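Engineer: okay, structure incoming, though there's no sequence with it:
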């Protein structure tokens with residue numbers, strides 16, 4: 001085993017993960033309490049030094065009160081020299097009067113750096129021995145008045161050295177504590193996980209295919225109980241393996257008998273593939289045969305539009321001179337707009353036929369149709385219903401339309417989506433008993449999923465549950481005897497998949513069917 005494999009195996013072991021967690025936890029606890037201890041000790045030392053500096057300053061202020069009151073600089077100097085001789089850690093003493101005149105300045109020759117000096121300032125006050133008569137009569141207490149100030153600088157170099165020593169000793173102690181506890185924890189975890197390791201070795205042996213294995217039980221704890229359960233499982237698997245070998249031999253014999261059935265299924269798939277190939281050839285041929293007469297109709301429509309545009313001024317002049325006349329069985333004033341609309345309808349219809357043929361040809365060639373980023377599903381629904389109403393074969397079926405406002409646009413092919421909606425509407429009409437009833441069409445926006453919905457619900461006979469899963473399969477139809485091809489929903493599902501959407505059906509026999517189209521919203 002290489003070093004990398006050994007390290008990888010160590011990292012994946014349960015014992016190592018427990019040890020890492022335990023070590024990190026002890027390290028954090030040790031660091032936390034060591035930090036608290038060091039912070040507390042440093043704060044205590046700082047407080048002691050500040051108290052010492054304040055006491056020394058108060059002592060010297062008390063001693064120099066009278067000389068300061070008398071402004072005796074020599075007396076003040078003697079007192080300061082005496083105190084600084086006794087207390088070697090006094091670095092500086094500055095005494096000034098209440099009007100800011102300095103009477104004494106002491107600076108130690110080996111003056112430490114500014115960062116190593118703790119400055120303390122106290123006021124030197126006078127204390128009168130008795131009250132004047134006026135103060136005694138009004139009941140005032142004795143008051144003191146400031147006569148100067150004393151600024152004392154205390155050398156705290158030793159304090160910083162103590163802090164460094166404290167930091168080093170505390171860190172070393174914390175490290176030793178963490179190391180000892182981690183070592184003890186590693187040994188303890190080794191004892192605890194030993195039974196787990198034994199269990200894992202047995203499981204690895206079972207994973208290699210050796211089910212005839214018995215894992216020794218060292219303890220009667222949860223691990224021991226799990227080991228006994230694994231031993232029972234291994235015995236059961238071993239017996240099952242023997243049984244499987246026997247069944248495998250029987251299965252091989254049975255499979256030999258099913259070879260002929262498998263061949264029949266393969267032939268059925270080949271026939272299906274051949275039918276799909278024929279469908280593609282048929283679609284290409286239809287596209288060619290339809291495009292030629294459609295182009296002729298479109299050219300004729302354009303010619304009629306130009307001719308009518310040239311004839312209108314002449315006919316309008318005749319109507320003004322001789323009065324309105326009959327043209328095509330209706331008055332000229334009404335016929336001129338009807339003919340213009342008829343010419344426009346010819347152009348729109350031929351253009352739609354051209355798009356449908358192009359989509360059919362594209363589908364047969366396995367290509368993707370051109371998508372546009374601003375397709376409105378509300379417009380798709382309205383245009384599809386217009387086509388269905390023009391179809392006119394089901395006059396007793398009412399189509400109820402409910403489109404939501406402010407539905408975002410999608411990225412898609414409008415003609416293809418109209419083809420899907422028209423196909424679903426025709427299926428819904430054909431499902432209505434006695435060709436009567438209502439079809440509900442609605443649109444909605446699912447903001448949480450960022451998708452738009454087109455739902456078509458009919459009141460027809462419904463679809464049996466066993467047929468729902470096969471609706472979008474090619475050549476599957478429950479109306480083959482009534483002229484169904486079994487390709488409408490297959491093509492519709494293909495178009496929706498090309499649009500990154502889904503087509504679903506919910507139906508119960510006797511309660512109608514709901515077809516739902518979910519399409520993703522266009523995002524930049």
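Structural biologist: That came through fine. This one's a predicted model, so the numbers in the text were calculated from it and none came from an experiment. Numbering: from 1, shown residues only.
Engineer: the bottom helix or strand of the chain by mean pLDDT?
Structural biologist: Every helix and strand in the chain was compared by mean pLDDT, DSSP states H and E; the lowest is helix 133-138, with a mean of 46.
Engineer: I'd like the next helix or strand past that one.
Structural biologist: Remark: after helix 133-138, the chain's next helix or strand is strand 145-155, criterion DSSP states H and E.
Engineer: for that next one, which outside residues touch it?
Structural biologist: With CB atoms under 8 Å, 6 or more residues apart in numbering as the contact definition, strand 145-155 has outside contacts at 49, 52-53, 56-57, 60-61, 64-65, 68-69, 89-98, 103, 108, 112, 116-126. Placement of C-beta: from N, CA and C, glycine included.
Engineer: repeat that for stretch 67-85.
Structural biologist: Contacts of stretch 67-85 (CB under 8 Å, 6+ apart): 56, 59-60, 63-64, 66, 90, 93, 95, 97, 103-104, 106, 108, 124, 126, 147-148.
Engineer: now it: mean pLDDT?
Structural biologist: Stretch 67-85 shows a mean pLDDT of 85.
Engineer: work out the gap between that stretch and the centre of the chain.
Structural biologist: The chain centre lies 78 Å from the centre of stretch 67-85; the measure is CA atoms, centre = their mean, to the nearest Å.
Engineer: next, the buried residues of it.
Structural biologist: Under the neighbour-count criterion of 16 or more other CB atoms under 10 Å, stretch 67-85 has 67, 68, 75, 76, 77, 79, 80, 83, 84 buried.
Engineer: over to stretch 296-307?
Structural biologist: Buried residues in stretch 296-307, counted by 16+ other CB under 10 Å: 298, 301, 305.
Engineer: swap in stretch 489-501?
Structural biologist: Neighbour counts over stretch 489-501 (16+ other CB under 10 Å) mark 489, 490, 491, 492, 493, 494, 495, 496, 499, 501 as buried.
Engineer: in helices, which of the residues you listed appear?
Structural biologist: Among these, the ones falling in helices (DSSP state H) are 489, 490, 491, 492, 493, 494, 495, 496.
Engineer: what is the nearest of those residues to residue 310?
Structural biologist: Nearest to residue 310 among those: residue 495, at 42.6 Å, using CB to CB.
Engineer: which residues does the closest one contact?
Structural biologist: 413, 416, 417, 419, 420.
Engineer: tally of neighbours for the third one?
Structural biologist: By other CB atoms under 10 Å, 26 other residues sit near residue 417.
Engineer: distance of it from residue 441?
Structural biologist: 13 Å (CB to CB, to the nearest Å).
Engineer: check residue 337 too.
Structural biologist: Distance check for residue 337 against residue 441: by CB to CB, it reads 31 Å.
Engineer: looking at those two, which is more packed in?
Structural biologist: When residue 337 is set against residue 441 and neighbours are counted by other CB under 10 Å, the residue ahead is residue 441, at 24 against 9.
Engineer: these two touch, right, the more buried one and residue 401?
Structural biologist: Yes - between residue 441 and residue 401 there is a contact under CB atoms under 8 Å: 5.0 Å.
Engineer: what residues are shared contacts of the two?
Structural biologist: 381, 385.
Engineer: residue 104 - that's part of a strand, no?
Structural biologist: Yes - the assignment for residue 104 by DSSP: H, G, I helix; E, B strand; the rest coil puts it in a strand.
Engineer: list the contacts of it.
Structural biologist: Counted by CB under 8 Å, 6+ apart, residue 104 has contacts 64, 73, 76, 77, 80, 93, 94, 95.
Engineer: what sits against the first one?
Structural biologist: For residue 64, the set of contacting residues under the criterion of CB under 8 Å, 6+ apart consists of 75, 76, 79, 80, 95, 104, 124, 150.
Engineer: circling back: nearest to residue 448 among the buried residues of stretch 296-307?
Structural biologist: Nearest to residue 448 out of the buried residues of stretch 296-307 is residue 298 (CB to CB; 45.5 Å).
Engineer: what's in contact with whichever strand or helix holds residue 381?
Structural biologist: Applying DSSP H and E as the criterion places residue 381 in helix 377-391. By CB under 8 Å, 6+ apart, the surrounding residues in contact with helix 377-391 are 399, 401, 403-404, 407, 410, 414, 417-418, 421-422, 425-426, 429, 441, 443, 452, 454, 519.
Engineer: how about the buried residues of stretch 489-501 in JSON lines, adding pLDDT?
Structural biologist: Listed next are these as JSON lines, based on pLDDT from 0 to 100:
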{"residue": "489", "pLDDT": "84"}
{"residue": "490", "pLDDT": "84"}
{"residue": "491", "pLDDT": "82"}
{"residue": "492", "pLDDT": "86"}
{"residue": "493", "pLDDT": "89"}
{"residue": "494", "pLDDT": "87"}
{"residue": "495", "pLDDT": "88"}
{"residue": "496", "pLDDT": "91"}
{"residue": "499", "pLDDT": "91"}
{"residue": "501", "pLDDT": "93"}
